[in-house]
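Visitor: all I have is the shape, not the residue letters:
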């Protein structure tokens, strides 16, 4: 279990990493976070952290969207995360959560002129979608918010109320996950994961202008598909009904990893099982 956290500039026991009920971020969602996976290798007896510097760079981008001015660089945050992991000494797959937040004890809706802080903790972590070899999903009744309302390219804490509404709707209706449409009615992403479709020999994924998170795992898969598998990648809008006639479909993200989608709105995707391209990825 989690024993430590980086909090107010130092690594402390997790029980000491506490904020006041007056904390601005608690009231207004004025916080942002990252999600970083570490994979334990039994053979090497090492924990390998996935694209750590890419994740700390995106975390700082999210901070900038909220007018946060943290006294840490991309490398500083990476070094702190590694120090924390060494102290935890996990010997299994792990999830690291950096959280930047408005720490001012203040009531009032604003972003500027407030104190900022960062905390980091880690915990054991396995699957995000339990049925990742064959998830059944629905198209959510909730829409993804527009960039001019809440920037989707940032992992902003308050924005995840939208994701929570989407995910609970799906689970309570008997599905494993949901697909969210944007305000134009095009496919955006899952509740908290990017989506990629296989159709006519291509990988097709919504563009970053479709109100999606600019996923690090998404980018990795796009690179690997072309370089390692020789599969062309296309970024374009996807209509809802394309999901019903595509060959394969999967979620991807650092948290979700790669999760095959075999049914959308009670319709089988392709053969109704994980496809060969998803399996190869």
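Guide: That came through fine. Predicted model, so just to flag it, every value in this text is computed and none were measured.
Visitor: what about the strands in the stretch 51-200 of the chain?
Guide: Counting by DSSP state E, counting those that start in this stretch, the stretch 51-200 of the chain has strands at residues 94-102, 116-124, 135-143, 177-181, 187-190, 194-199.
Visitor: so can I have TSV of the ones you listed showing distance to residue 168, mean neighbour count and mean pLDDT?
Guide: Placement of C-beta: from N, CA and C, glycine included. As requested, the strands of the stretch 51-200 of the chain are exported to TSV (distance: least, CB to CB, whole Å; neighbours: other CB atoms under 10 Å; pLDDT from 0 to 100):
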stretch	distance to residue 168	mean neighbour count	mean pLDDT
strand 94-102	21	23	98
strand 116-124	22	21	97
strand 135-143	10	19	97
strand 177-181	9	25	97
strand 187-190	14	26	97
strand 194-199	19	23	98
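Visitor: quick one, which of those is nearest to residue 3?
Guide: strand 116-124 (9.4 Å; CB to CB).
Visitor: tilt between that closest one and strand 94-102?
Guide: For strand 116-124 against strand 94-102, the angle by axes from the mean of the first three to the mean of the last three CA atoms, to 10 degrees is 160 degrees.
Visitor: so where is the chain shaky, pLDDT-wise?
Guide: Within the chain, not a single segment meets pLDDT under 70.
Visitor: which stretches in it count as helices?
Guide: 24-28, 52-65, 74-88, 160-172, 216-227, 242-245, 276-280 (DSSP state H).
Visitor: of the ones you listed, which approaches residue 11 most closely?
Guide: With CB to CB as the criterion, residue 11 lies closest to helix 74-88 of those, at 6.0 Å.
Visitor: helices and strands around the closest one, which ones?
Guide: strand 4-7, strand 10-13, strand 46-49, helix 52-65, strand 94-102, strand 116-124 (3 or more CB pairs under 8 Å, 6 or more residues apart in numbering; DSSP states H and E).
Visitor: which elements pack onto the first one?
Guide: Okay, so that is strand 4-7. strand 10-13, helix 74-88, strand 116-124.
Visitor: how does it look with 6 Å?
Guide: Packing partners of strand 4-7 (3 or more CB pairs under 6 Å, 6 or more residues apart in numbering; DSSP states H and E): helix 74-88, strand 116-124.
Visitor: now find how far off-centre the longest one is within its chain.
Guide: For helix 74-88, the gap between its own C-alpha mean and the chain's C-alpha mean amounts to 20 Å (CA atoms, centre = their mean, to the nearest Å).
Visitor: which residues sit against it?
Guide: For helix 74-88, the external contacting residues (CB atoms under 6 Å, 6 or more residues apart in numbering) are 4, 6, 11, 52, 53, 56, 57, 96, 120, 122.
Visitor: what is the neighbour count of residue 276?
Guide: Residue 276 is flanked by 11 other residues according to other CB atoms under 10 Å.
Visitor: any idea how far residue 198 is from it?
Guide: Distance of residue 276 to residue 198, computed by CB to CB, to the nearest Å: 9 Å.
Visitor: okay, and the common contacts of those two?
Guide: With CB under 6 Å, 6+ apart applied, the contact sets of residue 276 and residue 198 do not overlap.
Visitor: and the closest residue to residue 232 other than its chain neighbours, how many residues sit next to it?
Guide: Nearest residue to residue 232, sequence neighbours excluded (CB to CB, 6 or more residues apart in numbering): residue 202, at 5.1 Å. Residues contacting residue 202 under the criterion other CB under 10 Å number 16.
Visitor: could you give the bridge partners of residue 202?
Guide: Under the criterion DSSP bridges, residue 202 forms beta bridges with residue 199.
Visitor: the residue nearest to residue 243 when sequence neighbours are not counted pairs with what?
Guide: Nearest residue to residue 243, sequence neighbours excluded (CB to CB, 6+ apart): residue 264, at 4.8 Å. On the basis of DSSP bridges, residue 264 is bridged to residue 137, residue 267.
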